[in-house]
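Trainee: 3D, please:
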Amino acid sequence: MAKESAGLLFYRKRAGKMEFLLVHPGGPFWKNKDDGAWTIPKGEIQPSEDPLTAAQREFEEELGFKPNGTFIPLTPIKQKSGKIVRAWAIEGGWDPAQLKSNTFSLEWPPHSGKVQQFPEVDRAAFFDLRLALTKINPAQIPLLEELEGHYGLGTEHRKSSAA
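Mentor: Residues are numbered from 1 along each chain as shown. I've put the predicted structure just below:
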């Protein structure tokens, strides 16, 4: 059975346009990757855990704050690995400079016997749709498009990228 993750697509509106909060994975494997490497804050759903509860927990662990508001369910997506990602959108304000991510341990360099701590998320930023489409893991693009469509703005990036 495919693993499942849950996450939150946090967004804000500025000057009539939506901006999406994306995070960059921490650790040595992601250090020099940018376009296509960013993601919504998400993580694995624990056995018998409610998916929305998992999404909220992961968001708080990765960013250091707990969002409150109305959670809009989005259509689950399937990533290249086969993992299913369940997501909810939520509007709010937060300053990415306040990022306080949890950490994980990894033997690095490989086979060195040295175990180092790395942040699960090393950066967070808000992006407008055009830039978010470049930064986000391509499998998660439908989440951005669905939320844009929810507000009737879904064709904006297609028109501008077709020019």
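Trainee: tell me the contacts of residue 106?
Mentor: Counting by Cβ atoms under 8 Å, 6 or more residues apart in numbering, residue 106 touches 27, 28, 115, 116, 118. (Glycine included, C-beta is placed from N, CA and C.)
Trainee: where along this protein do the strands fall?
Mentor: 4-14, 17-25, 42-44, 72-73, 77-78, 84-91, 103-107, 115-119, 121-128 (DSSP state E).
Trainee: Now distance to residue 63 and mean pLDDT too, for these, in a markdown table please.
Mentor: Shown next, in a markdown table, are the strands of the chain (distance: least, Cβ to Cβ, whole Å; pLDDT from 0 to 100):
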| stretch | distance to residue 63 | mean pLDDT |
| --- | --- | --- |
| strand 4-14 | 8 | 96 |
| strand 17-25 | 7 | 96 |
| strand 42-44 | 11 | 96 |
| strand 72-73 | 19 | 96 |
| strand 77-78 | 21 | 97 |
| strand 84-91 | 12 | 97 |
| strand 103-107 | 13 | 96 |
| strand 115-119 | 11 | 97 |
| strand 121-128 | 6 | 97 |
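Trainee: would you turn these into JSON lines with distance to residue 145?
Mentor: Below are the strands of the chain laid out as JSON lines (distance: least, Cβ to Cβ, whole Å):
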{"stretch": "strand 4-14", "distance to residue 145": "11"}
{"stretch": "strand 17-25", "distance to residue 145": "11"}
{"stretch": "strand 42-44", "distance to residue 145": "17"}
{"stretch": "strand 72-73", "distance to residue 145": "14"}
{"stretch": "strand 77-78", "distance to residue 145": "11"}
{"stretch": "strand 84-91", "distance to residue 145": "12"}
{"stretch": "strand 103-107", "distance to residue 145": "31"}
{"stretch": "strand 115-119", "distance to residue 145": "29"}
{"stretch": "strand 121-128", "distance to residue 145": "14"}
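Trainee: now stretch 130-141: how far from the chain's centre is it?
Mentor: 10 Å (Cα atoms, centre = their mean, to the nearest Å).
Trainee: Okay, buried residues for stretch 134-148 please.
Mentor: Residues of stretch 134-148 classed as buried: 135, 136, 137, 139, 140, 142, 143, 144, 145, 146, 147, 148 (neighbour count, 16 or more other Cβ atoms under 10 Å).
Trainee: No more questions from me, cheers.
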